[in-house]
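Peer 1: Here's my sequence, what's the structure:
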Amino acid sequence: SGFDGADAPYFTEEVRRQLIRQFGESSLYDGGLSVRTTLDPFLQQVADNALEQGLEALDRRQGWRGPLDVLKNGTDVDQVLAEHTAKLRPNHYAALVTKVGRRSAEIYVAGRQAIIPFELAFWAYPPRRADGIRPPPLRDLRNALSKNDIVIVQPPGFTPDLIRNEFKPAPNHFALGQRPAVEGAIVAIDPHTGRLLAMSGGYNYADSEFNRAVQAMRQPGSAFKPFVYLAALEKGFSPGTFIEDSPVTFNTIEGPYSPLNYSLKYKGRLPLSKALERSVNVVAVKLNDLVGPASVVETARKTGIVSPLKPVLSLPLGANEVTMLELASSYMVFANNGTKVKPTAITRIEDRNGIVLYEHQIREKKVFSGNAIAALVQMMEGAVNYGTGRAAKLPRPIAGKTGTTSDYKDAWFFGFVPQIVCATW
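Peer 2: Got it, this is the predicted structure:
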């Protein structure tokens, strides 16, 4: 792609691993290989920014965990700040707090004096206590910061979630930040060609090289439900088919099984379209029972899921673990009108003499009828327009599905338009 690998370290490392598997380390490092990748530099930057800002905004909502460090007497301020800054993501700086008032803090950052206004640090009050109660909101910045604290700051343009009530930052203003305690990942794929356009496998590659987009096995939660609905549509159900959302107990070989909705409430008779839109667990489990768990497993396999799947009643709730790229690849079938295409990060490899060693060929396979896919996509558009995916709504049609697991250990969104599939965790 002509893009500096340093700007996409997770993608670059995944390509490196693929090349080692295909050619061995000796050929990779000594063979003079020329490798063309599928990376889109612009989309990679957009993906990085979205992941960074999303994780930081989420983390800020959980509370302030304190400064990076406290300056020790006799240390070189500029050296200490430079060492901390080198470990941070771009546009993040280590700053020394030199004075704190009720509504602002004076800081020394990047060789100059600056200000953290209360409006860009209002979030910095402690996390929830063990009993689940969050301490009262911050009223005085002196309760969060002290002189000689070393903290992370960012230019306000990189913290859009903090700009509220028409506040307009001054040129010398910085927002208070912290390294997120949560991790995340994002991938974007062209569903027609399988080209992997962007990939970030974590918040900061310098902290963790583990690629959560391809190496982590995670429970998809309700993001698995579309496979149940697709299996039903293939068997003659329609978006208007009604199923009762009501308490039910199944007798299984492992004992009684009573699925529950997230809200612990029931909505009565629901058409399948509304049940998927609202991600109703009980309806999904009842539908799974009607079409047969084995049929749902077969449907998932046809889209490209290769991880182990147990044909059990709880299958729609996504307890079976998959990788992000694996599930995103299966959603490509939805965006591509029922046609399956294998994802790829490499399009062409040449040796030092220009001889082509590998060239990717797009192989399409029709795995589902266009009618069933069209109905599913329409239902998934409802999930974004009116249901659990409303936060992803755009001024154009977009389909998608959310997924969460117990205690929000895993939270997903898979969204797509005909041109691109994007997955976030």
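
Peer 1: where does this structure have low pLDDT?
Peer 2: The model of the chain has pLDDT under 70 over residues 1-6.

Peer 1: same thing but 90
Peer 2: For the chain, applying pLDDT under 90 flags the ranges 1-7, 23, 25-32, 128-134, 253-254, 319, 406-409.

Peer 1: List the contacts of Asn143.
Peer 2: Contacts for Asn143 (CB atoms under 8 Å, 6 or more residues apart in numbering) come out as Tyr125. The C-beta positions use only the backbone N, C-alpha and C, and glycine is treated the same way.

Peer 1: Buried residues of the helix or strand hosting Asp59, list them for me.
Peer 2: Assigned by DSSP states H and E, Asp59 belongs to helix 41-62. When neighbours are counted by 16 or more other CB atoms under 10 Å, the buried residues of helix 41-62 are found to be 43-44, 46-48, 50-52, 54-56, 59-60, 62.

Peer 1: For this protein, which segments are assigned as helices?
Peer 2: 9-23, 25-30, 41-62, 77-85, 225-234, 272-277, 281-291, 293-303, 324-335, 370-385 (DSSP state H).

Peer 1: In JSON lines, list the buried residues of helix 41-62 along with distance to Leu270.
Peer 2: What follows is the buried residues of helix 41-62, written out as JSON lines (distance: CB to CB, whole Å):
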{"residue": "Leu43", "distance to Leu270": "37"}
{"residue": "Gln44", "distance to Leu270": "40"}
{"residue": "Val46", "distance to Leu270": "37"}
{"residue": "Ala47", "distance to Leu270": "35"}
{"residue": "Asp48", "distance to Leu270": "39"}
{"residue": "Ala50", "distance to Leu270": "33"}
{"residue": "Leu51", "distance to Leu270": "34"}
{"residue": "Glu52", "distance to Leu270": "38"}
{"residue": "Gly54", "distance to Leu270": "31"}
{"residue": "Leu55", "distance to Leu270": "34"}
{"residue": "Glu56", "distance to Leu270": "37"}
{"residue": "Asp59", "distance to Leu270": "36"}
{"residue": "Arg60", "distance to Leu270": "36"}
{"residue": "Gln62", "distance to Leu270": "34"}
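
Peer 1: now, among those, which is nearest to Gly415?
Peer 2: The closest of those to Gly415 turns out to be Ala50 (CB to CB; 11.7 Å).

Peer 1: ok so, going back, out of the helices of the chain, flag the one nearest Phe210.
Peer 2: Here helix 9-23 is closest among the helices of the chain (CB to CB), at 9.3 Å.

Peer 1: Show me what stretch 287-294 is in contact with.
Peer 2: Against stretch 287-294 from outside (CB under 8 Å, 6+ apart): 228-229, 231-232, 235, 237, 243, 250, 272, 275, 296, 310-313, 315-316.

Peer 1: Please apply the same query to stretch 73-92.
Peer 2: Stretch 73-92 has contacts (CB under 8 Å, 6+ apart) with 52, 68-69, 71, 93-96, 108-111, 150, 152-155, 158, 177, 179, 203-204, 206-207.

Peer 1: What is the burial count for Ile20?
Peer 2: Ile20: 14 surrounding residues under other CB atoms under 10 Å.

Peer 1: got a list of what it touches?
Peer 2: Leu28.

Peer 1: Would you quantify the distance from Asp40 to Pro155?
Peer 2: Separation of Asp40 from Pro155 (CB to CB, to the nearest Å): 25 Å.

Peer 1: Specify which residue of these two has the higher count of neighbours.
Peer 2: Between Asp40 and Pro155, Asp40 has the larger neighbour count (other CB under 10 Å), namely 20 against 15.

Peer 1: Ala198 is in contact with the more buried one, correct?
Peer 2: Yes: counting by CB atoms under 8 Å, Asp40 does reach Ala198; the two are 6.2 Å apart.

Peer 1: Now list whatever residues contact both of those two.
Peer 2: Ala188.

Peer 1: before we move on, the earlier item: which strands and helices sit next to the helix holding Asp59?
Peer 2: Helix 41-62 is packed against strand 186-189, strand 196-200, strand 420-424, with contacts defined by 3 or more CB pairs under 8 Å, 6 or more residues apart in numbering; DSSP states H and E.

Peer 1: run the last query once more with 6 Å
Peer 2: Helices and strands touching helix 41-62, by 3 or more CB pairs under 6 Å, 6 or more residues apart in numbering; DSSP states H and E, are strand 186-189, strand 196-200.

Peer 1: Take these and write them to JSON lines, including distance to Ala375 and mean neighbour count.
Peer 2: Formatted as JSON lines, those follow (distance: least, CB to CB, whole Å; neighbours: other CB atoms under 10 Å):
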{"stretch": "strand 186-189", "distance to Ala375": "23", "mean neighbour count": "27"}
{"stretch": "strand 196-200", "distance to Ala375": "27", "mean neighbour count": "27"}
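
Peer 1: Is it possible to get TSV of these that adds distance to Ala144?
Peer 2: TSV is the format used below for the helices and strands packed on helix 41-62 (distance: least, CB to CB, whole Å):
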stretch	distance to Ala144
strand 186-189	30
strand 196-200	30
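
Peer 1: residues in contact with the helix holding Asp59?
Peer 2: Counting by CB atoms under 6 Å, 6 or more residues apart in numbering, the neighbours of helix 41-62 from elsewhere in the structure are 3, 8, 123, 127, 161, 180, 182, 184, 186, 188, 197-198, 200, 203.

Peer 1: Just want the angle from it to helix 9-23.
Peer 2: 120 degrees (axes from the mean of the first three to the mean of the last three CA atoms, to 10 degrees).

Peer 1: Can I get helix 41-62 as PDB, trimmed to CA atoms?
Peer 2: Taking Å, rounded to 0.1, in the frame of the first residue of the first chain, the C-alpha atoms of helix 41-62 are listed here in PDB:
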ATOM      1  CA  PRO A  41      -3.900   4.700   5.000                       C
ATOM      2  CA  PHE A  42      -6.800   7.100   5.400                       C
ATOM      3  CA  LEU A  43      -9.200   4.500   6.900                       C
ATOM      4  CA  GLN A  44      -6.400   3.200   9.200                       C
ATOM      5  CA  GLN A  45      -6.000   6.700  10.600                       C
ATOM      6  CA  VAL A  46      -9.700   7.000  11.000                       C
ATOM      7  CA  ALA A  47      -9.900   3.600  12.700                       C
ATOM      8  CA  ASP A  48      -7.000   4.400  15.100                       C
ATOM      9  CA  ASN A  49      -8.600   7.800  16.100                       C
ATOM     10  CA  ALA A  50     -12.100   6.200  16.600                       C
ATOM     11  CA  LEU A  51     -10.600   3.400  18.800                       C
ATOM     12  CA  GLU A  52      -8.500   5.800  20.800                       C
ATOM     13  CA  GLN A  53     -11.200   8.300  21.400                       C
ATOM     14  CA  GLY A  54     -13.800   5.700  22.100                       C
ATOM     15  CA  LEU A  55     -11.700   3.900  24.700                       C
ATOM     16  CA  GLU A  56     -10.600   7.100  26.400                       C
ATOM     17  CA  ALA A  57     -14.200   8.500  26.600                       C
ATOM     18  CA  LEU A  58     -15.400   5.200  28.100                       C
ATOM     19  CA  ASP A  59     -12.500   5.100  30.600                       C
ATOM     20  CA  ARG A  60     -13.200   8.700  31.600                       C
ATOM     21  CA  ARG A  61     -16.800   7.800  32.500                       C
ATOM     22  CA  GLN A  62     -15.400   5.200  34.900                       C
END
